[in-house]
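Novice: Just a sequence and a predicted model for now, questions to come.
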Amino acid sequence: MLPELGVDGIKVKVDTGAQTSCLHAIHIRRLDDDRVRFELHPLQRRSDVTVTCIASLVGERLVTSSTGHRERRPVIRTPIAMGGQQWPIEITLTNRDSMGFRMLLGRQAMRGHLIVDAGESFLLGKRPAGPNSPA
């Protein structure tokens, strides 16, 4: 959950190989030096549900993807809520339409908050099925 962005559920891939977290975003536009506006589709394989977000802009970061592609991305800082905890994380914004997950949670965001068990999935439980639930 990304409460300040108005996202009450999003399926996240834990990625210990990634340093920085990443969120699917489209129509990214800087409003000024301190804020960015973007839209996201929080549900996998669905573009009919759109959330419009405004977030504080931390800066930009040059990110190299797992395929070697380099891209300059905007970076925001916003709280994430998981497993009864909430803490602020930095997230880069990019179009992830072709990717399986709308969000990656990188090492930096997990440090001091989560322990990864690579042999398990959905340790926090699956969200009940519904028209707006992550599938």
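Specialist: Structure received.
Novice: Let me know the distance separating the residue positioned nearest the centre of the chain from residue 78.
Specialist: Of all residues in the chain, the one closest to the mean position by Cα atoms, centre = their mean is residue 23, 3.2 Å from it. Shown here: residue 23 relative to residue 78, a distance of 9 Å by Cβ to Cβ, to the nearest Å. C-betas here are computed from N, CA, C, even on glycine.
Novice: Can you check which residues contact both of these two?
Specialist: Jointly contacting residue 23 and residue 78 under the rule Cβ atoms under 8 Å, 6 or more residues apart in numbering are 2, 91.
Novice: returning to that earlier point: the residue nearest to the centre of the chain bridge partners, please.
Specialist: On the basis of DSSP bridges, residue 23 is bridged to residue 93, residue 103.
Novice: Is it in contact with residue 95, as I believe?
Specialist: No. When contacts are counted by Cβ atoms under 8 Å, residue 23 is not listed as touching residue 95 (10.4 Å).
Novice: Test my guess that residue 16 contacts residue 116.
Specialist: Yes. Here residue 16 reaches residue 116: they are 5.8 Å apart, a contact under Cβ under 8 Å.
Novice: overlap in contacts of the two?
Specialist: Residues touching both residue 16 and residue 116 (Cβ under 8 Å, 6+ apart): residue 110.
Novice: Do a quick rundown of the strands in the protein.
Specialist: Taking DSSP state E as the criterion, the chain carries its strands at 12-14, 21-24, 26-30, 35-40, 51-64, 70-82, 85-94, 103-105.
Novice: Can you point out the buried residues in the third one?
Specialist: With burial defined by 16 or more other Cβ atoms under 10 Å, the residues of strand 26-30 counted as buried are residue 28.
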